[in-house]
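K.L.:
What follows is a predicted structure for the sequence shown.
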Amino acid sequence: MQIFETFRNIFAIPDLRKRVLFTFGLLAIYRIGSHIPTPGLDASALEEFFKASAGGLLGFLDVFSGGALRRLSVFALGITPYITASIILQLLTVVWPYLEKLSKEGEMGRRKITQYTRYGTVILSVVQGAGISLWLWSQTTPSGRFLALRDPASDSGKLAFILLAILTLTTGTAFVMWLGEQITERGIGNGISLIIFAGIVAGLPTAVFNSIQQVQRGGMSLFTGIILLVFMIGVVGAIVFVERAQRRIPVQYAKRVVGRKVYGGQNTYLPLRVNTGGVIPIIFAVSIIQFPQYIASAAKSDFLKKIAEQLAIGQPLYNLFYGLGIIFFCYFYISIIFNPNDTAENMRKYGGFIPGIRPGKATSDYIDNVLTRITLIGAVYLVVVALIPEFLMMGFKVQGIPGIGPWLDAHLPAFVTQGLGISFFFGGTSLLIVVGVAMDTVQQVESQLVMRNYDGFLKKGRIRGRRG
């Protein structure tokens with residue numbers, strides 16, 4: 001078969017084989033580190049606590065850490081601080097002239113920005129480590145056990161525990177960041193993305209086993225299991241379709257005579273992806289909507305506690321703000337990374353134009369209008385993908401809707417209001433990351449094979465990654 005022949009070709013090429021094995025080796029190191037516990041914690045108490053809080057934000061973040069957060073291992077923070085620092089630097093590049101200048105200085109400028117990103121990662125790791133260590137010191141399980149190994153009657157050893165936890169978590173994040181950079185430089189694919197990918201895929205065997213057990217124990221009927229499998233295949237197909245979808249705007253370049261040579265005169269296109277932001281709008285929306293929930297939960301006011309209850313996962317208010325936040329950040333992110341004015345100016349500078357559209361402002365407005373329409377499609381797609389896990393786990397809690405909530409709860413099917421109790425692994429956000437990273441990695445392997453005159457994964461056509 002073609003796919004087996006392709007895998008044989010991968011390991012037949014010395015350089016490609018070395019890159020693939022190097023990537024697998026570093027990912028194995030990451031998975032081993034995810035099982036090394038942070039000193040000073042009660043492992044059994046942690047397990048009890050996470051079982052009680054399954055399905056919340058901690059469960060969401062635990063999926064991307066591959067279980068490291070549940071075990072509070074040395075890699076508990078994962079690569080999240082690095083991603084956050086990268087996003088902050090990307091935003092600052094637009095508003096800070098110094099960083100904008102650096103971004104246009106080629107390789108040297110990118111290295112400088114990468115260095116700033118590393119510094120930001122360490123700073124964010126220290127801040128998050130301090131917050132987590134303070135939280136761990138005072139947190140108890142439903143049965144009243146402390147998560148930290150401490151004397152329940154006093155705070156002796158608190159400072160030592162906090163400093164040790166901060167040092168451990170920050171060092172772990174810095175090491176994970178280094179692993180990602182090494183994979184990018186010497187392996188195959190984007191290292192940071194592959195680390196997130198490995199964390200999510202690590203939960204696949206457990207999730208499949210739990211689903212089979214549910215069927216065997218009668219918790220889920222065989223028919224429901226088959227429907228779930230078909231649904232999963234459909235979601236994967238939809239994600240692949242939308243992630244590869246793009247609007248191609250035709251562009252023509254006029255002929256130019258420079259000396260004795262003729263340049264231009266070719267037809268090409270400007271590709272605009274439907275989902276340009278990827279999973280970033282979802283990450284932004286989750287961060288924003290959970291922030292007021294944490295503040296309200298920590299407050300002693302009954303009014304704020306009611307707000308926290310309404311903002312809990314699965315509640316109508318949460319779903320509403322979550323969906324609106326994703327749509328907002330889709331447009332916000334695309335406005336940062338893509339400037340129609342610059343694109344139109346570059347086209348005009350090199351003699352390019354869109355047929356039927358005047359160069360300059362008219363071209364910029366046309367591109368902006370097209371981008372606005374396809375971004376709306378991508379935003380709605382992300383909303384649907386992001387709300388799938390809430391529906392599968394706990395359904396939509398319509399009881400909280402004023403006036404009609406009890407009536408809807410009584411008349412809607414049980415699976416709509418109570419969910420299917422499916423493992424969080426099967427969430428659309430996780431699949432979005434897994435499918436996207438897999439497509440990018442396969443594209444890079446395909447390029448390496450074709451460059452060396454080998455057949456890739458597809459004999460006809462080539463795999464088009466998320467970047468076009």
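P.N.:
The structure has been received and is ready for your questions.

K.L.:
can you pull the contacts of residue 172?
P.N.:
Residues counted as contacts of residue 172 (CB atoms under 8 Å, 6 or more residues apart in numbering) are 33, 73, 74, 75, 76, 77. No exception for glycine: its C-beta is placed from N, CA and C like everyone else's.

K.L.:
Mark which of these are buried, thanks.
P.N.:
In terms of neighbour count (16 or more other CB atoms under 10 Å), the buried residues within these are 33, 73, 74, 75, 76, 77.

K.L.:
For whichever helix or strand residue 135 is part of, name the packing helices and strands.
P.N.:
Per DSSP states H and E, residue 135 falls inside helix 107-138. Packing partners of helix 107-138 (3 or more CB pairs under 8 Å, 6 or more residues apart in numbering; DSSP states H and E): helix 80-95, helix 97-103, helix 158-186.

K.L.:
For those, give me CSV that also has distance to residue 48 and mean pLDDT.
P.N.:
Formatted as CSV, the helices and strands packed on helix 107-138 follow (distance: least, CB to CB, whole Å; pLDDT from 0 to 100):
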stretch, distance to residue 48, mean pLDDT
helix 80-95, 24, 81
helix 97-103, 46, 82
helix 158-186, 20, 90
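
K.L.:
quick revisit: buried stuff in the helix holding residue 135?
P.N.:
Judged by neighbour count using 16+ other CB under 10 Å, the buried positions of helix 107-138 are 113, 116-118, 120-122, 124-126, 128-130, 132-133, 136-137.

K.L.:
re earlier: okay if I get the helices and strands packed on helix 107-138 as JSON lines plus distance to residue 442?
P.N.:
Listed next are the helices and strands packed on helix 107-138 as JSON lines, based on distance: least, CB to CB, whole Å:
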{"stretch": "helix 80-95", "distance to residue 442": "22"}
{"stretch": "helix 97-103", "distance to residue 442": "29"}
{"stretch": "helix 158-186", "distance to residue 442": "16"}
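
K.L.:
if we compare the ones you listed, which one ends up closest to residue 246?
P.N.:
Taking CB to CB, helix 80-95 is the member of the helices and strands packed on helix 107-138 nearest to residue 246, at 21.6 Å.

K.L.:
quick one: contacts of the closest one?
P.N.:
61, 64-65, 99-100, 102-103, 113, 116-118, 120-121, 123-125, 128, 173, 176-177, 180, 192, 280, 283-284, 336-337.

K.L.:
any idea which helix or strand of the chain has the worst average confidence?
P.N.:
Using mean pLDDT, DSSP states H and E, helix 57-64 stands out as the lowest-scoring helix or strand of the chain, at a mean of 60.

K.L.:
out of the helices and strands packed on helix 107-138, nearest to residue 266?
P.N.:
Comparison of those against residue 266 by CB to CB identifies helix 97-103 as nearest, at 28.7 Å.

K.L.:
same for the closest one, what does it pack against?
P.N.:
With contacts taken as 3+ CB pairs under 8 Å, 6+ apart, helix 97-103 sits against helix 80-95, helix 107-138.

K.L.:
Using JSON lines, lay out those together with distance to residue 370.
P.N.:
Output for the helices and strands packed on helix 97-103, formatted as JSON lines (distance: least, CB to CB, whole Å):
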{"stretch": "helix 80-95", "distance to residue 370": "22"}
{"stretch": "helix 107-138", "distance to residue 370": "29"}
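
K.L.:
Of those, which is nearest residue 360?
P.N.:
Closest to residue 360 of the helices and strands packed on helix 97-103 is helix 80-95 (CB to CB; 22.8 Å).

K.L.:
what's the closest of the helices and strands packed on helix 97-103 to residue 378?
P.N.:
Ranking the helices and strands packed on helix 97-103 by proximity to residue 378 (CB to CB) places helix 80-95 first, at 18.2 Å.

K.L.:
ok, now how distant is the residue most central in space within the chain from residue 332?
P.N.:
Centroid check for the chain by CA atoms, centre = their mean gives residue 279 as the closest residue, at 4.7 Å. Applying CB to CB, to the nearest Å, the value for residue 279 to residue 332 is 15 Å.

K.L.:
Ok, residue 10 next?
P.N.:
Residue 10 sits 40 Å away from residue 332, going by CB to CB.

K.L.:
mind listing the strands in this protein by residue range?
P.N.:
For the chain, the strands defined by DSSP state E occupy 246-253, 256-258, 261-263, 267-273, 352-353.

K.L.:
Which of the ones you listed has the highest mean neighbour count?
P.N.:
Of all the strands of the chain, strand 352-353 has the most neighbours on average by mean count of other CB atoms under 10 Å, namely a mean of 20.

K.L.:
Which neighbouring elements make contact with it?
P.N.:
Under the contact criterion of 3+ CB pairs under 8 Å, 6+ apart, strand 352-353 touches strand 246-253.

K.L.:
Next one: residue 200 relative to residue 194, how far apart?
P.N.:
Look at residue 200 and residue 194: by CB to CB, they are 11 Å apart.

K.L.:
When these two are compared, which one has more neighbours?
P.N.:
Neighbours per residue, other CB atoms under 10 Å: of residue 200 and residue 194, the larger number sits with residue 194, 25 against 20.

K.L.:
so what's the residue nearest to that one when sequence neighbours are not counted up against?
P.N.:
Leaving aside its sequence neighbours, residue 194 sits nearest to residue 183 (CB to CB, 6 or more residues apart in numbering; 5.9 Å). The neighbourhood of residue 183, defined by CB under 8 Å, 6+ apart, consists of 22, 23, 26, 27, 189, 190, 191, 194, 195.

K.L.:
could you dump those residues to CSV with pLDDT and distance to residue 373?
P.N.:
Below are those laid out as CSV (pLDDT from 0 to 100; distance: CB to CB, whole Å):
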residue, pLDDT, distance to residue 373
22, 92, 43
23, 91, 39
26, 92, 42
27, 91, 39
189, 82, 32
190, 83, 29
191, 85, 35
194, 87, 33
195, 87, 35
